[in-house]
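Peer 1: turn this into a structure:
(3 chains)
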Amino acid sequence: MSEVSIPASDSFAEGAAMHNIVRELFPLCRSITGPGLRETIRRIGRRIPLNVHEVPSGTPVLDWTVPDEWTIRGAWIEKLDGRRLVDFDVCNLHVVGYSRPVDAVLTREELARHVHTLPDQPDLVPYHTGFFADSWGFCLSHAQWQSMTDPAYRVVVDSTVAPGSLTYGDLLVPGRSREEVLIHAHCCHPSLANDNLSGIVVATWLARRVLARPNRLSYRFVFVPATIGAISWLARNEATLDRIRHGLVLSCVGDPGTFHYKRSRRGDTEIDRAVVQVCRDRGLGIAVRPFRPMGYDERQYCSPGFDLPVGCFMRTPNGEFPEYHTSADNPDLVRPEALQQSYEVLAAVMDLLEANLVYRRVDGRGEPQLGRRGLFRRISAEKHATGQEALLWLLNLADGTRSLLDMAEHTGLSFTELNAAAELARDAELIVEAE
Amino acid sequence: MSEVSIPASDSFAEGAAMHNIVRELFPLCRSITGPGLRETIRRIGRRIPLNVHEVPSGTPVLDWTVPDEWTIRGAWIEKLDGRRLVDFDVCNLHVVGYSRPVDAVLTREELARHVHTLPDQPDLVPYHTGFFADSWGFCLSHAQWQSMTDPAYRVVVDSTVAPGSLTYGDLLVPGRSREEVLIHAHCCHPSLANDNLSGIVVATWLARRVLARPNRLSYRFVFVPATIGAISWLARNEATLDRIRHGLVLSCVGDPGTFHYKRSRRGDTEIDRAVVQVCRDRGLGIAVRPFRPMGYDERQYCSPGFDLPVGCFMRTPNGEFPEYHTSADNPDLVRPEALQQSYEVLAAVMDLLEANLVYRRVDGRGEPQLGRRGLFRRISAEKHATGQEALLWLLNLADGTRSLLDMAEHTGLSFTELNAAAELARDAELIVEAE
Amino acid sequence: MSEVSIPASDSFAEGAAMHNIVRELFPLCRSITGPGLRETIRRIGRRIPLNVHEVPSGTPVLDWTVPDEWTIRGAWIEKLDGRRLVDFDVCNLHVVGYSRPVDAVLTREELARHVHTLPDQPDLVPYHTGFFADSWGFCLSHAQWQSMTDPAYRVVVDSTVAPGSLTYGDLLVPGRSREEVLIHAHCCHPSLANDNLSGIVVATWLARRVLARPNRLSYRFVFVPATIGAISWLARNEATLDRIRHGLVLSCVGDPGTFHYKRSRRGDTEIDRAVVQVCRDRGLGIAVRPFRPMGYDERQYCSPGFDLPVGCFMRTPNGEFPEYHTSADNPDLVRPEALQQSYEVLAAVMDLLEANLVYRRVDGRGEPQLGRRGLFRRISAEKHATGQEALLWLLNLADGTRSLLDMAEHTGLSFTELNAAAELARDAELIVEAE
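Peer 2: Prediction:
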């Protein structure tokens, strides 16, 4: 992870508030189903008016079937004298997700087949899950495993895998237009802070922002377990997917690394360009990557049968920071100022989408006489007033074929400058929104 | 300005003749209206059969209105003892264009609000104008202004701003086709040689050239004051603007700097490519710039309601040579050999446009047998004759979809070579002009 | 010629067999007509079931006319005492192709006008021909010519140029589809090994390969004299040329130099891309060049009236190795391992064309559940199995708009990997061939 410098501010109030929720949600043992997921959705629902859905186990969703629900009550490895060495209650990463119940004494050799460690990061507990395997397992630090030299241990997993349901939450904030912006966060990782909680809290804050004001576009927020949750949501919302005009999957947005953006499958949609433009206008670096069918739930939105304009917004990408999928992805890795900066960039992306209209000149023949409208410097040799160049560009390019974002890309001017010029020109009745 | 080496020639007869006219027209005090403009148009009309037009003040033209006419008879600053320090009769840049009449004694401090100087170029008089401001002003060298330390001065501007008309001249030279090439020069700058006179004389010489011969294309020459003149011309010729297939605004073509070309708004029209091709074929450097809605009257031709294929041809661009808009832009800055080279390049551009046809093979199946037509080297191992390669390319590419310019760009061969091959092939009835 | 390292192999059995045929055909005196050409076609016909065609002299073919047939029985230069210095029987390059009969005593000066040498390569005999010139000539090493200082010599050419026919051979190997792959080799050069024989033998071996198996595509092999032969073939097969979907002219494929590929006139057809992809997948360098209307018979296929997707596959291109068109282009220049590698690359190109289908997902909504089909790693943290990435890409891109080659270019994966994934997915009924 290459850290970026985030400008000092007197107040990262929003970042701090988001960080508090990261801490609050961290201990819950989330998975693709179960009480930890359900409680997480419920707590998001305390901050925004989420619709909570339960999809029964066995429900067919596209090519998949909603699995049985996993309930984990406890799990440990103990010495034969009863002393617990490894305990789910201490760290929920210790148990492999969807572990089936077990209560047995095993030789160390037998146990080894159920143990996962990270020899290269000997002090960290890895995160593993195995949804559809009828098995169980433990994750330990390699150092601890090396120190466990007894010939045999007792292992207990107190869990249930049984018919239940998959929980997800969503929220539609209607705007003047039915065209939608989708914001997606996955909620299925247990005690992992950057990978899942950071996206959840930033998505929640973005929802609060659009709830607090009138919007041109509609906004849809989706909080689901990865893959099967996204597939369930898509299966149940298929009739209205064509309203999604822009979408972002949020993940790993709380670390202090450089921004990364993974393009949608189409690769050059408005959202793909908007994210880059906002970072460019703010002087923020952003590494842009092409779409690949590996990663987060953009895989589902960008499957060939949907092919929606949905990209993935991250700071340091999954798999590229050493804490990824380990016990070191904890609330200390996530920083209030990084959460806030991510939130601000995404808020600016929304503002860009709101304002990114196509204009045309009321009368496109020649330059309009700016002087009599108070829009021109009065003596020809004076320096151009700030904004004069943006206004001239806008009036030249406003031919009903280009959005403001097109103009920003063409001219190198910032979206903000061009939008300010558009407001001046619209007030002067020189341009109108093109149909 | 980076000077280019212009090949020595025994004769720059045309350059010298053009330079004489620059000297002749230099003293006239041109503006966007008035006697100086009218006299300039009249003198161009002595060389080519210009149609002279007068557009009355108050005439609505597109979004604008033709202004009152400005007549300047004299202007000076004198000491209170009557000694004249600054005098319009010495240099017409001293008075700000469209200065309203004044006769008053002012303190130096009051006067300072009406004085323009160039502190960084203390010996030069700047050029300023203020068409629509109800004011007056003087331009002085900074050195002179620094030396003027009296507590008060008398200022006189003997001028009239009153209903009259705006003068312009144009000329249509009809060719076999109604498709037109537009050549435009602005005529509204007072004693400035490179910025306005150089374009005027080169445009005049190009007109003489097409008048002296039959042409395929029609040519339209336009001599107008900048902005309001171009807008007036466009307003009065709107019905036939669609005949303009290629156009060039000429300005600053008399200094010895590198050629510069500013593309049309569309950016890849035939004229945009023809200018570059001619320079490439002649081994002349040319810096090509994208369209911007700042600059000369290409702004009007390239407004979104017209969007005509009109670029701007220059040597050193406006604002990029230190003499620009100062008293140093005088006939010594303009050189006969530079005028002549600009003229020759533009003449070659016209020749290219005349010859840039689309051909197709009469029978495109296989190579034609060149030998029996005397078009092939006789022994296969001999080196290709000069032109053989161009002929083979032409015969391969002549499929009715590509112009000769397309072929030159595709092959890297010169337009001249390909045109020579096309003439051979046409004479041999191997190709015909495509409809 | 820059040599490439060809991996050592225990067996270059096919290369060795091809090389034997190069040796066998080398002594025949081929030209664009005549007994040497006819015998060459006959001997190819011993290996593959070629259809042999004779086109009578005087037959109009496109813009050309089939010439009289040339028969050469002997030719020599002798001293006036009868001692032969230069003899066609020793090296058939000594006589200029299509030399008319002569039997005369000439001064050395008169003879010099009929003698061709290579002063820069004084030990080599050049290859010259002059189909349509009513003349005769000899090719000698420059060293020999320098040593011939007698005042006069007797020259004899015992030849006939008389009505006869032009011989060519072709073979269609029908596949399930009528879409054809064209493989073309020219057969008109006398004792030159790389330039003509290498292409002939590799084309023959490719024909044997497709004859030995069922194919999706049809294959058409064409063995003709250059230019007039290709034109004759095109004239007589015009009705079915639209079946040619991919084509390659083979030449100079027996030297150990780097592969070179000259694109078709269209420049981005499937064959143009297939050749590059095969070399990339095998880690073989290949220099790609744009189409030019100079070279081999791709000139005829790529004439504007046909514009077929035919490129030219070579190792060191014609004119770029010092032995080109000299007596040094002999069977020692051609190497068994180079022939074999060329053959293998071309065989792989054919395999790519056979397999390059367009697939679409049976149900493109979301990712399919690979696990229940045995296509997914079972524990999420395990490393991706080999091929997992190719499978995910295939399932994402299979939207009925992209061929496997498109996918290979898009993803950087090898065609082979993607084709293996496609076979898995097809077997699992996840994809079908798009119509």
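Peer 1: for A:Val345, which non-adjacent residue is spatially closest?
Peer 2: Leaving aside its chain neighbours, A:Val345 sits nearest to A:Val278 (5.8 Å; criterion: CB to CB, 6 or more residues apart in numbering or on different chains). Every C-beta, even on glycine, is put in place using the N, C-alpha and C of the backbone.
Peer 1: just confirm that neighbour is within a strand.
Peer 2: No. Per DSSP: H, G, I helix; E, B strand; the rest coil, A:Val278 lies outside any strand segment and is helix.
Peer 1: and it, what does it touch?
Peer 2: For A:Val278, the contact set (CB atoms under 8 Å, 6 or more residues apart in numbering or on different chains) comprises A:Val345, A:Ala348, A:Val349, A:Leu352, A:Phe415.
Peer 1: report how many residues lie close to the first one.
Peer 2: For A:Val345, the number of neighbouring residues by other CB atoms under 10 Å in any protein chain shown comes to 19.
Peer 1: for the residue of the stretch 101-250 of chain A at minimum distance from chain B, helix, strand, or coil?
Peer 2: For the stretch 101-250 of chain A, the residue closest to chain B is A:Arg216, as judged by CB to the nearest CB, at 24.7 Å. With three-state DSSP as the basis, A:Arg216 sits in coil.
Peer 1: list the contacts for it?
Peer 2: By CB under 8 Å, 6+ apart, the residues touching A:Arg216 are A:Gly175, A:Arg176, A:Ser177, A:Glu354.
Peer 1: and A:Val249, by the same measure?
Peer 2: By CB under 8 Å, 6+ apart, the residues touching A:Val249 are A:His184, A:Ala185, A:His186, A:Gly199, A:Tyr296, A:Asp297, A:Glu298, A:Tyr301, A:Val310, A:Gly311, A:Cys312, A:Phe313.
Peer 1: quick one: contacts of the helix or strand containing the fourth one?
Peer 2: Read that as A:Gly199. Using DSSP states H and E, A:Gly199 sits in helix A:199-211. For helix A:199-211, the external contacting residues (CB under 8 Å, 6+ apart) are A:14, A:17-19, A:21-22, A:25, A:40, A:44, A:47-49, A:171, A:173, A:183-187, A:219, A:221, A:223, A:249-254, A:339, A:342-343, A:346-347, A:350.
Peer 1: among these, which are in strands?
Peer 2: Cross-referencing the contacts of helix A:199-211 against strands under DSSP state E gives A:Leu171, A:Val173, A:Ile183, A:His184, A:Ala185, A:His186, A:Tyr219, A:Phe221, A:Phe223, A:Val249, A:Leu250.
Peer 1: related to what we said a few turns ago, make JSON lines from the contacts of A:Val278 and add pLDDT to it.
Peer 2: Supplementary listing: the contacts of A:Val278 in JSON lines, determined by pLDDT from 0 to 100:
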{"residue": "A:Val345", "pLDDT": "98"}
{"residue": "A:Ala348", "pLDDT": "98"}
{"residue": "A:Val349", "pLDDT": "98"}
{"residue": "A:Leu352", "pLDDT": "98"}
{"residue": "A:Phe415", "pLDDT": "97"}
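Peer 1: compare those and tell me which is most surrounded.
Peer 2: Most surrounded of those: other CB under 10 Å gives A:Leu352, at 25 neighbours.
Peer 1: can you tell me how far it is from chain C?
Peer 2: Noted for A:Leu352: a distance of 28 Å to chain C, by CB to the nearest CB, to the nearest Å.
Peer 1: once you drop chain neighbours, what's closest to that residue?
Peer 2: The shortest distance from A:Leu352 to any non-neighbouring residue, by CB to CB, 6+ apart, is to A:Ala274 (4.9 Å).
Peer 1: which SSE is that neighbour in?
Peer 2: Here A:Ala274 sits within helix A:270-281, counting by DSSP H and E.
Peer 1: could you list the paired strands of the very next helix or strand once past that helix along with their orientation?
Peer 2: Following helix A:270-281 in sequence order, the next helix or strand is strand A:286-289 (DSSP H and E). The pairing partners recorded for strand A:286-289 under DSSP bridges are strand A:259-262 (parallel).
Peer 1: name the residues that touch the partner strand?
Peer 2: So strand A:259-262 is contacted by A:4, A:272, A:275-276, A:279, A:284-292, A:295, A:298, A:311-317, A:342, A:345 (CB under 8 Å, 6+ apart).
Peer 1: which of the residues you listed count as buried?
Peer 2: Buried members of the contacts of strand A:259-262, counted by 16 or more other CB atoms under 10 Å in any protein chain shown: A:272, A:275-276, A:279, A:284, A:286, A:291-292, A:295, A:298, A:311-317, A:342, A:345.
Peer 1: let me know the angle separating the longest helix anywhere in chain A from helix A:270-281.
Peer 2: Longest helix in chain A by number of residues (criterion: DSSP state H): helix A:336-355. Helix A:336-355 and helix A:270-281 are oriented at 120 degrees to each other (axes from the mean of the first three to the mean of the last three CA atoms, to 10 degrees).
Peer 1: C-terminal to helix A:336-355, what's the next element?
Peer 2: As assigned by DSSP H and E, the chain's next helix or strand after helix A:336-355 is strand A:358-361.
Peer 1: list the neighbouring strands of that following strand plus their orientation.
Peer 2: Strand A:358-361 has its sheet partners listed here by DSSP bridges as strand A:399-403 (antiparallel), strand A:431-433 (antiparallel).
Peer 1: who's in contact with the longest one?
Peer 2: Okay, so that is strand A:399-403. With CB under 8 Å, 6+ apart as the criterion, strand A:399-403 contacts A:Glu270, A:Asn356, A:Leu357, A:Val358, A:Tyr359, A:Arg360, A:Arg361, A:Gly364, A:His410, A:Ala434, B:Pro304, B:Asp307.
Peer 1: try it again with 7 Å
Peer 2: Applying CB atoms under 7 Å, 6 or more residues apart in numbering or on different chains, the contact partners of strand A:399-403 are A:Asn356, A:Leu357, A:Val358, A:Arg360, A:Arg361, A:Gly364, A:Ala434, B:Pro304.
Peer 1: so which bits of the helix or strand where A:Trp145 lies are buried?
Peer 2: For A:Trp145, the host element (DSSP H and E) is helix A:142-147. Within helix A:142-147, the residues that qualify as buried by neighbour count (16+ other CB under 10 Å) are A:His142, A:Gln144, A:Trp145.
Peer 1: now do the helices in chain A.
Peer 2: A:13-25, A:35-47, A:108-112, A:142-147, A:199-211, A:228-236, A:270-281, A:298-301, A:336-355, A:388-397, A:404-411, A:415-427.
Peer 1: does chain C have contacts with the third one?
Peer 2: No. Helix A:108-112 lies apart from chain C when judged by CB under 7 Å from any CB of the partner chain; the minimum separation is 15.0 Å.
Peer 1: still on that earlier bit, which of the contacts of A:Arg216 fall within strands?
Peer 2: Among the contacts of A:Arg216, the subset assigned to strands under DSSP E is empty.
Peer 1: ok, of those, which come out buried?
Peer 2: Buried, going by 16+ other CB under 10 Å: A:Gly175, A:Glu354, out of those.
Peer 1: so which of the contacts of A:Arg216 comes closest to C:Asp427?
Peer 2: A:Ser177 (45.5 Å; CB to CB).
Peer 1: ok, back up a step: how far out from the middle of the chain is the longest helix of chain A?
Peer 2: The chain centre lies 12 Å from the centre of helix A:336-355; the measure is CA atoms, centre = their mean, to the nearest Å.
Peer 1: now the angle between strand A:218-224 and that helix, please.
Peer 2: Calculated by the same axes, to 10 degrees, helix A:336-355 forms an angle of 140 degrees with strand A:218-224.
Peer 1: give me the residues contacting helix A:336-355.
Peer 2: Outside helix A:336-355, the residues touching it (CB under 7 Å, 6+ apart) are A:6, A:12, A:14-16, A:18-19, A:181, A:198, A:201-202, A:205-206, A:209-210, A:215-217, A:246, A:253-256, A:259, A:274-275, A:277-279, A:284, A:313, A:315, A:404-405, A:415, A:419.
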